[in-house]
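# Sequence below, structure please.
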Amino acid sequence: MSAPPPGAGATGENGPSDLARLRERLTEFSEARGWQRYHLPKNLVAALAVEAAELQEIFQWMTPEEAAAVMSDPGTAHRVRDEVADVLAYLLRLCTVLGIDPAAALDAKIERNETRFPLPGED
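Next up, the predicted model:
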């Protein structure tokens, strides 16, 4: 079994995972501005949906070929990275507010999906 990809949630010898560090940083950012009163689950889910829609908007009228090459244009790549960051930020804030470990949740979901969707020939 290989090591998890960067940011996958594992804690290494050098300290907390990238996800844990980002969650802490987002919490500190929000608390310093007094925003935690707005970071209710329903508000975070709404913000997450809006940011996901903004990411979708970038790709809306692209051909499949244009979408596959989206990161080759620096201007569009910058927009994609920003929207991905916004989606991840709201998702991580939601996880923090609800007490969900996102890496553990994803790991458990993958395990369930491996059972639900076996490899061809394993069913």
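# Tell me how far the closest residue to residue 83 other than its chain neighbours lies from residue 116.
Of all residues not flanking residue 83 in the chain, residue 55 sits nearest, at 3.8 Å (CB to CB, 6 or more residues apart in numbering). Every C-beta, even on glycine, is put in place using the N, C-alpha and C of the backbone. Using CB to CB, to the nearest Å, residue 55 is found at 27 Å from residue 116.
# who's more crowded, the two?
residue 55 (17 against 8; other CB atoms under 10 Å).
# who touches the more buried one in this structure?
80, 83-84, 86-87 (CB atoms under 8 Å, 6 or more residues apart in numbering).
# Can you tell me how far the residue nearest to the spatial centre of the chain is from residue 51?
Residue closest to the average C-alpha location in the chain (CA atoms, centre = their mean): residue 88, at 3.5 Å. In this view, residue 88 and residue 51 are 9 Å apart by CB to CB.
# Just the helices from this structure, written as ranges.
18-32, 41-59, 64-68, 74-98, 102-116 (DSSP state H).
# Quick one: those as CSV, columns for mean pLDDT too.
CSV is the format used below for these (pLDDT from 0 to 100):
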stretch, mean pLDDT
helix 18-32, 96
helix 41-59, 98
helix 64-68, 97
helix 74-98, 98
helix 102-116, 96
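# Same list (the ones you listed) but as TSV, adding distance to residue 122.
Formatted as TSV, these follow (distance: least, CB to CB, whole Å):
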stretch	distance to residue 122
helix 18-32	31
helix 41-59	33
helix 64-68	30
helix 74-98	32
helix 102-116	10
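# Now which of the contacts of residue 55 would you call buried?
The neighbour count (16 or more other CB atoms under 10 Å) marks 80, 83, 86-87 as buried among the contacts of residue 55.
# any idea which of those residues is closest to residue 18?
Distance to residue 18, by CB to CB, is smallest for residue 87 among these, at 16.0 Å.
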